[in-house]
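**Q** sequence first, then the predicted structure, then my questions.
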There are 2 protein chains.
Amino acid sequence: MATMREVARRAGVSPASVSRHMSGGKVGGAARIDAAIKELNYRPNQLARGLRSGRHSCVGVIVPDITNPLFAELVDGIESVFAADNIRVLLANSKEDPVREAALVADLASRTDGLILIPPIETDPVLDQRALVGVPVVLVDRVLNTGANVDSVVVDNRHGAQLAAKHLISLGHTEIAVISGPLSSFPGRERHEAFLQTLSDFGQPARPEHVRLSDFSAKGGNKSMASLLDEQIPPTAVFCANNLMTIGALRLLKDRGVVIPDEVSIVGFDDLDLSELLNPPLTVINRATFTLGSSAADLLRARLATPDREQHHLTLPVELVVRGSTTKPARKPLKHLNRNSE
Amino acid sequence: MATMREVARRAGVSPASVSRHMSGGKVGGAARIDAAIKELNYRPNQLARGLRSGRHSCVGVIVPDITNPLFAELVDGIESVFAADNIRVLLANSKEDPVREAALVADLASRTDGLILIPPIETDPVLDQRALVGVPVVLVDRVLNTGANVDSVVVDNRHGAQLAAKHLISLGHTEIAVISGPLSSFPGRERHEAFLQTLSDFGQPARPEHVRLSDFSAKGGNKSMASLLDEQIPPTAVFCANNLMTIGALRLLKDRGVVIPDEVSIVGFDDLDLSELLNPPLTVINRATFTLGSSAADLLRARLATPDREQHHLTLPVELVVRGSTTKPARKPLKHLNRNSE
DNA sequence: GTGAAAGCGCTAACAA
DNA sequence: TTGTTAGCGCTTTCAC
């Protein structure tokens, strides 16, 4: 790789002039410098440039699972914002492991100008440590009031759960179940509490045996749905608190030959990729995932520009998208669904 | 941020000792150094470290579309391999734009130790330029024999197309259509040619009006399928040469109320995320996408270790996964599908 | 406007 | 083993 010195010598100017020219300054031998750059195929060493200027021109993004389409879209939103500034995205995968995440945070903190974190499901203590001193952080799907340089973006989980509950109640369901995520996670807790609260508010508190605490995974959704169907009184409607659990639940229903929505109505939280191709298409609580990402990026960008600005916590709206997976309940609770007790 | 000097002073040793200690060397005051590191919350400046050692500890990955689950899984494979070496992944999105890709390549080339490129659909001249002199590159889904430091991984596109064709023929279809990707792309060309060739080899060359050249997009697949149905003799089976076009085609069939597989059999190339939840589940040519990514990463890793090793070009296998979207053709070509001519 | 010179934080020779 | 020294390639004062 050619260095700036070589370019300077070839163009008959000083390295300083080349540097000035490259950062948009006015210099004399501009044409000759450009020529030299081209001839030598010169590209500035970002390491040196960064070391000198104190900027990495790079932000870190840690997701729990790259292959979750939700996170992919989030990353898309983030990347799009920073691409405009010529700031790159360092993407890392915590694989839902808090320990791994902690290591990644530590590593990325010294390679980037700031971090956008989508925390894994289990609570991790990283952020409370001094690991992040001085590194701007934006949290997605989680809020944290400690640390002056930690902003956050979440969606209105409570409202989403409320919409789901109201929708099912308004259809006339009385046997409504919920497959919740872990209460240790912010979205898990919020959706769980708000859903149950809403049912109570409408005078239809959920039966304890219709409440499942799961883990936001497809497998978890699958098992939870199985055990719900095996209840004495199976639910006529189920709210699945995230996309993966919804997928798991749908798989189980398909395996058991349960007809949606005739036998069981389903509302998911977060849209599925091919949602509208499913049979029936899925009723979901939807959020603007790309916007969630771009908002996080905007927050980080703003803090990069103004490190000592006050904390910002954004809450983005959600909406109910009614499609084919919800309908009125059948006359009575469908006892026959309980295959095991036949 | 604390620097190594400060750590050294606090631990009562020289910076060199701290450096040695941090890279696993044996030193005396290890305990005191560790203590100082902790107290000062020291983290080495990767910029300085990289500048000095000449390594970025970072590879660049450019994908055409992050939100395509295929690429997400690919990135997962890549990230997993490099994570083991503590090498990070800089992810950029070319958004299918060759010009944008060229700019990204130039930028990433000066920020990373090597690049993994998934070229956009349209052919781009970037790689033939001197832009990449000295930067190791691994191409996915495309081969290029120029440039000694350019390796590649592809899947056996021809064999995949062949499997699809044979499958449909063996079911008894005689009116077989294909929605191909652009012939300017390697996978587009390979799949297209092999599919048509196989039909011919079995004495059933495709009708010209049953061949569509599209663009690997959902919209393209949608339009192509629409025009196929509008043909005088609509096909009884269609091969969609990639995942997005398959999605588009499925949408159209659903919109028009065409029953799969009774009225039209569908084979896709590359599995869809919720493929098995679709009704019917989709018959596809599948490849090990994660492995595709990890193989690309392995190639890059190997070249990073041995820059002057010879070029390697891998071809990974594909398989036919028969699910519910293909069956025997109805007695005759289904004229009634042609809604427009009714 | 231009060049000389210092130095960002680290690592790798070299000496001790 | 340890410390001293030089310098990776760039930007940015500072004089001119």
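**A** Perfect, I can see it now.

**Q** how close does the closest residue to DNA strand D within the stretch 151-300 of chain A sit to chain B?
**A** Among all residues of the stretch 151-300 of chain A, A:Leu300 sits closest to DNA strand D, at 21.0 Å; criterion: Cβ to the nearest atom of the strand. C-beta coordinates here come from the backbone N, C-alpha and C atoms, glycine included. As defined by Cβ to the nearest Cβ, to the nearest Å, A:Leu300 lies at a distance of 16 Å from chain B.

**Q** same thing with A:Leu163?
**A** 23 Å.

**Q** quick check, that residue in a strand?
**A** No - per DSSP: H, G, I helix; E, B strand; the rest coil, A:Leu163 lies outside any strand segment and is helix.

**Q** that one contacts A:Thr283, correct?
**A** No - using Cβ atoms under 8 Å, A:Leu163 makes no contact with A:Thr283, being 10.4 Å away.

**Q** which residues are common contacts for those two?
**A** A:Leu320 (Cβ atoms under 8 Å, 6 or more residues apart in numbering or on different chains).

**Q** show me the shaky parts of the stretch 201-342 of chain A.
**A** A:331-342 (pLDDT under 70).

**Q** strands of the stretch 101-250 of chain A, start to end?
**A** Secondary structure of the stretch 101-250 of chain A, counting by DSSP state E, counting those that start in this stretch: strands at A:114-117, A:137-140, A:150-155, A:176-180, A:211-213, A:237-240.

**Q** among those, which is nearest B:Ser17?
**A** The closest of the strands of the stretch 101-250 of chain A to B:Ser17 is strand A:114-117. By Cβ to Cβ, the value is 30.4 Å.

**Q** okay, the strands of the stretch 101-250 of chain A, which one's buried deepest?
**A** A comparison of the strands of the stretch 101-250 of chain A by mean neighbour count, using mean count of other Cβ atoms under 10 Å in any protein chain shown, puts strand A:237-240 on top with a mean of 31.

**Q** and A:Gly172, how far from A:Gln232?
**A** 21 Å (Cβ to Cβ, to the nearest Å).

**Q** so A:Asp107 is in contact with B:Ala83, correct?
**A** No - between A:Asp107 and B:Ala83 there is no contact under Cβ under 8 Å: 10.1 Å.

**Q** contacting residues around the residue of the stretch 151-300 of chain A found nearest chain B?
**A** Nearest residue of the stretch 151-300 of chain A to chain B: A:Asn279, at 3.7 Å (Cβ to the nearest Cβ). Contacts here follow Cβ under 8 Å, 6+ apart; on that basis A:Asn279 touches A:324, B:278-279.

**Q** next, give phi and psi for it.
**A** Here is the backbone geometry of A:Asn279 (degrees, to the nearest 10): phi -120, psi 100.

**Q** isn't there a helix covering A:Gly25?
**A** No - per three-state DSSP, A:Gly25 lies outside any helix segment and is coil.

**Q** give me the neighbour count for it.
**A** 11 (other Cβ atoms under 10 Å in any protein chain shown).

**Q** ditto for A:Ser170
**A** A:Ser170 has 10 neighbouring residues, counting by other Cβ under 10 Å.

**Q** DNA strand D contacts on chain A?
**A** A:1, A:3-5, A:15-16, A:19-20, A:22-23, A:42, A:44-45, A:48-49, A:51-53 (Cβ under 7 Å from any atom of the strand).

**Q** spell out the secondary structure type for A:Gly268.
**A** Assignment for A:Gly268 (three-state DSSP): strand.

**Q** what's the distance between it and A:Leu70?
**A** 12 Å.

**Q** more neighbours: which of the two?
**A** A:Gly268 (30 against 23).

**Q** with adjacent residues omitted, what lies nearest to the more buried one?
**A** A:Thr246 (3.6 Å; Cβ to Cβ, 6 or more residues apart in numbering or on different chains).

**Q** one step back: hey, what's in contact with both of A:Gly268 and A:Leu70?
**A** Contacts common to A:Gly268 and A:Leu70, judged by Cβ under 8 Å, 6+ apart, are A:Asn243.

**Q** and the residue in chain A that DNA strand C sits nearest to, helix, strand or coil?
**A** The minimum distance from chain A to DNA strand C, using Cβ to the nearest atom of the strand, falls at A:Gly28 (2.2 Å). Assigned with three-state DSSP, A:Gly28 falls in the coil class.

**Q** just the helices from the stretch 101-250 of chain A, written as ranges.
**A** A:157-170, A:186-201, A:218-229, A:243-256 (DSSP state H, counting those that start in this stretch).

**Q** in what helix or strand does A:Val61 lie?
**A** strand A:58-63 (DSSP states H and E).

**Q** show me what the helix or strand just after that strand is packed against.
**A** With elements assigned by DSSP H and E, the helix or strand that comes after strand A:58-63 is helix A:69-84. Counting contacts by 3 or more Cβ pairs under 8 Å, 6 or more residues apart in numbering or on different chains; DSSP states H and E, helix A:69-84 is packed against strand A:58-63, strand A:88-93, helix A:289-305, helix B:69-84, strand B:88-93.

**Q** re earlier: including distance to DNA strand C, could the strands of the stretch 101-250 of chain A go into JSON lines?
**A** Below are those laid out as JSON lines (distance: least, Cβ to the nearest atom of the strand, whole Å):
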{"stretch": "strand A:114-117", "distance to DNA strand C": "18"}
{"stretch": "strand A:137-140", "distance to DNA strand C": "20"}
{"stretch": "strand A:150-155", "distance to DNA strand C": "23"}
{"stretch": "strand A:176-180", "distance to DNA strand C": "45"}
{"stretch": "strand A:211-213", "distance to DNA strand C": "44"}
{"stretch": "strand A:237-240", "distance to DNA strand C": "47"}
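
**Q** got a markdown table for those strands, with distance to chain B too?
**A** Formatted as a markdown table, the strands of the stretch 101-250 of chain A follow (distance: least, Cβ to the nearest Cβ, whole Å):
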| stretch | distance to chain B |
| --- | --- |
| strand A:114-117 | 13 |
| strand A:137-140 | 15 |
| strand A:150-155 | 16 |
| strand A:176-180 | 17 |
| strand A:211-213 | 20 |
| strand A:237-240 | 13 |
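
**Q** quick one, which of those strands is nearest to B:Ser57?
**A** strand A:114-117 (17.3 Å).

**Q** that closest one pairs with which strands?
**A** strand A:58-63 (parallel), strand A:137-140 (parallel) (DSSP bridges).

**Q** neighbours around A:Ser184, how many?
**A** Neighbours of A:Ser184 using other Cβ under 10 Å come to 11.

**Q** still on that earlier bit, quick one: the residue nearest to A:Gly268 and A:Ile285 touch, right?
**A** No - using Cβ under 8 Å, A:Thr246 is not in contact with A:Ile285; the gap is 10.4 Å.
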